[in-house]
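> Generate coordinates for the sequence data below:
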Amino acid sequence: MKDDIPDEITQFNSLQSLEMALGSLEYPYLSFHAFVRATNATRQLGMADQFHQTWAHWRQTWVVGEVFHLDNIKSIPIDAHNDKHNAFISAIQDVPSSVKIALFYIDNLIHGSAQGKTEQVFSEQSIRQAFGTAYEGIEWDLTGSCEIWDKWRDWEQSLIEKSPKPEAIQRMQQFYLARLKIPHANHADTFSSYSSFITAYDNSQYESHMVAANKDYKKGQTLYEDYDQYEIALGSNYTVEAYLAYINFAQSPNGKPKLANRNLIVGLFERAVRDCYPFNSLLGEDGSGPSGSTDDSIATSVAKIWVTYVNWMINNKERPDKVMNVIERSVKVCPWSGELWSSLIRAHEQFKHPAEKAEETYARAISTGLIESRVDDLVALISARASYLRHTLENVDVAVAYAEVAAILEDGLDRVKSRDPFNRIEKYAISWHERVKEESATSAASQIFERMSKNNTQKRSYSVWLDWAAFETRNENYDKARSVYKTATPRQFIDYPEAVHQAYKEFEDQYGSLDTQMQAQISITKASQLLADRRLNEAAQAYENYTQQQPQVAVAAPATEETAVDPSLDFSGSTNNKRKAGDESNNNESAKKQKVQQTVDKLKRDRENTTVIVSGLPLGCNNTDVNLLFKDCGDMREVTVKDLKDQSAATVEFLSRDDVPAALTKDKKRIEEVEIKVVMGWSSTLYVTNFPEGTKDDSLRALFEPYGTIFDTRWPSRSIKTTRRFAYVTFLDPASAQASLELNGKVQEDNHSLSVAISDPSKRKSRSDDFVNGQEIFVRELGKKITEADLRQLFEPFGAIKQAKLGLRDDGSCKGFAHIEFEDSSSAQNALRMNNVEVKGKHISVTMSNRKPRQANAPAKPRFGRSIRVDGIPDGTKESFIQQTFEVFAPVKKVWYNENGNEGAAVVEFENDKEMSKVMLMQAPSINGQQLSLSDEASHKKPLSLSENKNVAEKSDAAVSGGQFVPRNTRRSKIGDRGNNPDPKLTASSTTAKNPKTQDDFRKFLK
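Model prediction:
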């Protein structure tokens, strides 16, 4: 009876889980993981009929992913051959590129056949058919197809070995030749295997067969070499970004669209949607994303790759049935994507499906309950449905068409509920009403404007007021238009009041009387003055807030100019005007120190408090445009401009904090009819740390992109410390940075919690590799046999040890010294008691560590034999990005690169010579579309110059020295000097030039 208790508990838990799952399935849309829990429960309870019903319902509602299909096939009893076969066919329909499912099922068939099972499913024909079905979906998977094809080849050859029939040999030969035409990872192995096959079965014709096959082999091998680097990169990074980069390259290999291979691109898309599936919990545990998907950012990214796939299919003019298959699958994987549902509605129109199909699609999308909360997706769906009706009702009576489209748009307005910052559905509805020249339609449009003018969010947009006034003007309702301008002009909360003022003035110039013009001018003048005062106060207050957050440090005011002192004056009260011998040198030293200090004060940067971010600039803006925009604000140290998706943006760093308030007043200005935004740089910048060690720039961007447009990411140089793991992410606006703070504390793949914070300079901490912090001790005179464990045992009584690092020889023995870093400085101080203590027969020396982090590029040099020279690096490339580019292929020890240099080259050192050789044999990667050039660093006679750009260096020298017209600093004569001799170098050179010495002169000198 006791043995039955676990089964009873399991059954009870399964029943409880089933009840909860069935309850979840009663919601408007069927939760994905509710299906997982329901199928798990019915399977555990042995409820076969209910299981099959639930499974069929699940597949009808969703595209079930690879991991769930594989789990289902594995759970089917070994003797239920038909069930396994049907499950395999269903899985291949949902996941046509699945290698894991195909291998598992085919292995079962081959195993059953080997055991002599006689069922039809284990026959040669059935096994061959299963291989063909599996291979068809992955033929152009350059790596995964190898597993299926190689197993198929081995199985076919085992049959030939048993019965070498001519037709089987002929079929096998064609099988090989077809494979050699397709690029794949083990192309050379396939060619070698074909050679062995011909040797065994047609050796007399070996040469002719191999010559013919060699052409296909070389072509396929060349194709694979083009994609090799992307396959390697993909091997450990199954992300949407990695796949999209690969797909982008495949559509135009080496910049040549004509070389694109349709089958390869389709295969890549299928692999991408297989590996980037948004659900992964076999236990039915909901994630934080829509319908329990992993999380919202992943859900958005997965939808992005499906959208790319759908658009490619349509643009490539694929067969309608194939296009519809992809779109139908896409909405069953990402039902939260309004863009995918919109694509399905447009496809119904494009392929002339019955009107009921589009209506049904719209109803399905709304019924999911997953789109209502996602404004952009909801807007896309409503717009697509309205456009479909508008297109299909063009030849219908205007009144009928107007009413149907207007009804969809009015329903859309109720669903969006003024949440769209771009007011897209409102604009669509107003435009539609305006097309019908009827009073009721005009009134309906005016009512939409009325609602927008009273909404707390929409009424702040100047475009709402301008559009309203323009609408009334077009309909010749001039008094109503004037009323709109009068209402909007004094409102200070509108985001761009100047545009309203200008439009009001132009309206009165064109349509107003003298009285209304004068009234408008008075109103505009008053509002403009209030606006100017308010903005000035806001800028001053904002800057005051910034400065108050900074730590107050007392600093002696540096001298601004050197004071001329009469040397005859005696400040000590003595009448003796003679100076001591050391006075002059002391004075010179003091002057030098003062000048150096002044130089440091001048050159010291306060980047966080002197940088602003400018967004919303017209595309194509350059540094000159930005300099002109801010020229009246102060002197600029550095300007960086970037073209983003639909705008240009820039960072502007000033020389002084005092210039920032003036720069902030440029916010909301307009350039070429485009409103710009100016914010403090640090308020839009995040400090991100504690992410997984292998995180790359594209992965970090993908994590934060859902929160807003990213201007830049900055990674630390690893020249100082290779274990540094943090980065800065700069958005275009502070709101995006604030929104992304929800990622703080999110558990990552390595079970560490991500740390995300605003990069507030007032909370800046000292660098983690700053050893001058009193927490590290230096231990000398250690014995050869001492180990790290010995050290920890010796010093742990004084406090928690953060890190203990021994100096080791090549044989692993201790060099005699070690560095030990404690968690706090008091522990390090206590550990000094161990100084002169005898340890294993030797008296050790314990002192505070005074080592400093080694500066980048000094004093170490690249090690020949494991370093490569990288040429062709695009301007603006960061050192961290170069390191990440090569870390995909092999572990990188260090990168030597000067971001401000003009060589466009770097040296990359790997862990060992084998890794370096492997990279040299591969095709060089590219950065920002520019192909790199690789060579062995040892082959270069001249080492890579890592000095600054010559022009920059000259400017820096001039700045430090004070300019080219500053007089040379000469030294006064001292007692005992022989006078102010000219420069010895000058004298020597001139003498040599006039009287060159000969061998006779040398002999005379010896005499």
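> Could I get the full set of helices for the stretch 101-250 of the chain?
Secondary structure of the stretch 101-250 of the chain (DSSP state H, counting those that start in this stretch): helices at 124-138, 144-162, 166-180, 187-201, 206-234, 240-251.
> Which of those helices sits closest to D107?
helix 144-162 (8.2 Å; C-beta to C-beta). Bear in mind the C-beta positions are built from the backbone N, C-alpha and C, glycine included.
> List the buried residues in that closest one.
For helix 144-162, the neighbour count (16 or more other C-beta atoms under 10 Å) marks 144-153, 155-157, 160 as buried.
> Which single one of those is nearest to D646?
G144 (37.3 Å).
> who are the neighbours in contact with P490?
Taking C-beta atoms under 8 Å, 6 or more residues apart in numbering, we find P490 in contact with 523, 526-527, 530.
> Where does the record place the domain boundaries for this structure?
The record's domain parsing of the chain by automatic domain parsing lists 1-60, 602-663, 776-848.
> Most neighbours out of the contacts of P490, which is it?
A527 (21 neighbours; other C-beta atoms under 10 Å).
> hang on, the earlier thing: any chance of the buried residues of helix 144-162 in TSV, with distance to T611 too?
As requested, the buried residues of helix 144-162 are exported to TSV (distance: C-beta to C-beta, whole Å):
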residue	distance to T611
G144	47
S145	51
C146	51
E147	52
I148	55
W149	56
D150	57
K151	59
W152	61
R153	61
W155	65
E156	66
Q157	67
I160	72
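> In those residues, find the pair that's most separated.
Farthest pair in those, by C-beta to C-beta: G144 and I160, 25.5 Å.
> secondary structure class for R364?
Under DSSP: H, G, I helix; E, B strand; the rest coil, the three-state class of R364 is helix.
> try I777
Going by three-state DSSP: I777 is strand.
> separation between it and K454?
Separation of I777 from K454 (C-beta to C-beta, to the nearest Å) stands at 69 Å.
> Over to K878?
In this view, K878 and K454 are 49 Å apart by C-beta to C-beta.
> More neighbours: these two, which one.
Higher neighbour count among K878 and K454: K878, with 16 against 10, using other C-beta under 10 Å.
> Tell me if I'm right that that one and R714 touch.
Yes: with contact defined as C-beta atoms under 8 Å, K878 reaches R714; the gap is 7.3 Å.
> Run through the helices of the stretch 351-500 of the chain in chain order.
Using DSSP H, counting those that start in this stretch, helices in the stretch 351-500 of the chain cover 355-367, 375-392, 398-416, 424-435, 439-454, 462-474, 478-488, 497-511.
> I misspoke; the intended subject was the stretch 851-1000 of the chain.
Using DSSP H, counting those that start in this stretch, the helices found in the stretch 851-1000 of the chain span residues 879-887, 913-921, 950-961, 984-994, 999-1006.
> Sketch out the strands for the stretch 701-850 of the chain, chain order is fine.
710-714, 726-731, 755-758, 776-780, 801-808, 814-822, 838-839, 842-843, 845-848 (DSSP state E, counting those that start in this stretch).
> Setting aside sequence neighbours, what's the nearest residue to N82?
Nearest residue to N82, sequence neighbours excluded (C-beta to C-beta, 6 or more residues apart in numbering): V121, at 7.4 Å.
> Who are the contact partners of the one you found?
V121 neighbours (C-beta under 8 Å, 6+ apart): 81-82, 84-85, 109, 112.
> What separation do you get for the residue nearest to N830 when sequence neighbours are not counted and K941?
Of all residues not flanking N830 in the chain, F798 sits nearest, at 4.3 Å (C-beta to C-beta, 6+ apart). F798 sits 53 Å away from K941, going by C-beta to C-beta.
> Neighbour count: these two, which is higher?
F798 (19 against 5).
> Might you report the residue contacts of the more buried one?
822, 827-828, 830-831, 833-834.
> buried set for stretch 186-200?
Buried residues in stretch 186-200, counted by 16+ other C-beta under 10 Å: 186-187, 190-191, 193-194, 197-198.
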